[in-house]
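*Asks:* let's see this in three dimensions:
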Amino acid sequence: MFFWCLLFGSVSWGADVRLAILEYRAPSLRKEALMILNEELRLGVQDGIDAGSVDVVSKEQTEQAIRVMQLPPRCSTGGCELDIGRNMGVDYLVSPTVINMGSLFVLRVTLYDLQRGAILSSESKNCGTEKDLFVVNRKLTTTTIRSGFALLKPSASMAETLPEEPVVAPVEDTDIIIEEIEISKQVEVALKVGVKAVYIPAGTFQMGCDTERASQCGQDEIPRHDVEISRDIYMLKSEVTQGLYAKVVSKRPSQFLRCGDSCPTERVSWYDAVRFANALSEKEGFESCYDIDGRRVLWNEECMGWRLPTEAEWEYAAYGGESFLYGGSDSVDENGWSESNAQRRTHPVCEKKQNAYGLCDMSGNVWEWVWDAYVADGYASRAGEMVVDPKQSQGNLRVLRGGCWGNKGHRNRVTSRLRYGPQQRNWAVGFRLVRYK
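*Replies:* Residues are numbered from 1 along each chain as shown. Here you go, the predicted structure:
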């Protein structure tokens, strides 16, 4: 069961920034254990911001404050962090959770950005014993705070584009076997767990938003420019599913666990995605495409293993050789899950119309990480010439493509772009992989 946290303090950080902290509350833990966890949480926040002090508010005062806010009953089980933070008038909110899953505890600390209405950073750790909670709690909190505040650069509001929150469950590792089968004119790579990839031929296309067809082109989507994808690739037919993710790395980080193995995995960072790609390559007998050292990731561009698509590869594949606004149609509801039909959750992959290449959910369901770093005016330098296999490796933020279940339709267009920190996780963000043929 997920037990929500009660407010216990706030701290000034800098001249005008206010940060509030929520308290661990889990009836399955001893009162003494909770006291230690909350003290370590406070110290972890102080370590993370390197300034100020935390004034603890009593539980009685906190409960009174929440009653005054008149929050709905659902808040007793979590999900109202943004409501509470905004009612308090703070800029940032730290929310910890501890979940007793029988054989282990799952510890998570999340930093909310109230100005943007989004998760700024979230870190979790599996702990085998109550004692382990005490060992990792302070460091986990510090890591969450530092990684979150490191991303505080000017950026677009995430309120419309990215929703919030999750759970982690361990899974027994299972071998997977991959075989290639030919289906009519397409070549598919099929995993025994049911996940497939489709063949995408090399070719040329116009990348970017067509201002004559779309009235809501973002400034970072223009100008349209000619791009050549010089090599054939295989691309996973759908986003990486919860089932595949569990088979390969023995984790289930998704918020929507009840959706099941056929639903896209979410709550994964860009770093999680590249690590998964290496793990899948190893399972299949391919070389790993990424050299990963902490947060330094180098891509061997000649590697034949699984990897994230470049932004250009993703858009080229999403069009499917056609020119629809969405991944296979001009109707957002026909091709994917968005605000209008998703009921605020993910759905099993491939339930909507596929595009001409046979790819599912290129519009909606979950945003998808790509390799590229975000450059706002990156398209401007490409105008007027054919660009071959463009990519952008240097930058603090990474690009997301495809839109999600919580977006209005125009955000799920094939050309729509979103920037996000590579260490951030969100329940509307997943990924799919490619490899060279």
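*Asks:* C-alpha from now on. contacts and neighbour counts both.
*Replies:* Noted.
*Asks:* tell me the pLDDT of residue 286.
*Replies:* We have a pLDDT of 89 for residue 286.
*Asks:* hey, where'd the helices end up in the chain?
*Replies:* Ranges of helices within the chain are 31-49, 59-69, 81-88, 130-149, 242-249, 270-284, 311-319, 332-335, based on DSSP state H.
*Asks:* what's the closest of those to residue 293?
*Replies:* Taking C-alpha to C-alpha, helix 270-284 is the member of these nearest to residue 293, at 10.7 Å.
*Asks:* got the angle between the closest one and helix 242-249?
*Replies:* Calculated by axes from the mean of the first three to the mean of the last three C-alpha atoms, to 10 degrees, helix 270-284 forms an angle of 70 degrees with helix 242-249.
*Asks:* where exactly do the strands run in the stretch 201-350 of the chain?
*Replies:* 203-207, 225-229, 233-236, 251-252, 290-293, 296-299 (DSSP state E, counting those that start in this stretch).
*Asks:* poorly predicted segments of the chain, please.
*Replies:* In the predicted model, the chain carries pLDDT under 70 at residues 1-17, 27, 50-67, 69-80, 82, 88-89, 101-103, 115-118, 149-194, 214.
*Asks:* which one of the strands of the stretch 201-350 of the chain lies nearest to residue 90?
*Replies:* Among the strands of the stretch 201-350 of the chain, the nearest to residue 90 by C-alpha to C-alpha is strand 251-252 (32.0 Å).
*Asks:* list the contacts of the residue nearest to residue 105 when sequence neighbours are not counted.
*Replies:* Distance criterion C-alpha to C-alpha, 6 or more residues apart in numbering; nearest residue to residue 105, sequence neighbours excluded, is residue 127 at 5.0 Å. By C-alpha atoms under 8 Å, 6 or more residues apart in numbering, residue 127 lies in contact with 104, 105, 106, 107, 133.
*Asks:* how much space between residue 127 and residue 107?
*Replies:* 7 Å (C-alpha to C-alpha, to the nearest Å).
*Asks:* what touches both of those two?
*Replies:* residue 133.
*Asks:* surely residue 433 touches residue 310?
*Replies:* No. Counting by C-alpha atoms under 8 Å, residue 310 is not a contact partner of residue 433; they are 9.9 Å apart.
*Asks:* more neighbours, those two?
*Replies:* Shown here are residue 433 and residue 310; by other C-alpha atoms under 10 Å, residue 433 has more neighbours (27 against 22).
*Asks:* okay, how far is it across stretch 327-339, tip to tip?
*Replies:* Start-to-end span of stretch 327-339 (C-alpha to C-alpha) is 16 Å.
*Asks:* go on, stretch 248-261?
*Replies:* 13 Å.
*Asks:* in that stretch, which residues are buried?
*Replies:* Across stretch 248-261, burial judged by 16 or more other C-alpha atoms under 10 Å covers 248, 249, 250, 251, 252, 253, 254, 255, 256, 257, 259, 261.
*Asks:* the last one and residue 309, how far apart?
*Replies:* Counting by C-alpha to C-alpha, the separation of residue 261 from residue 309 is 23 Å.
*Asks:* with the second one instead?
*Replies:* Using C-alpha to C-alpha, residue 249 is found at 20 Å from residue 309.
*Asks:* over to the fourth one?
*Replies:* If you measure residue 251 against residue 309 using C-alpha to C-alpha, the figure is 23 Å.
*Asks:* same question for the first one.
*Replies:* When distances are taken as C-alpha to C-alpha, residue 248 and residue 309 turn out to be 19 Å apart.
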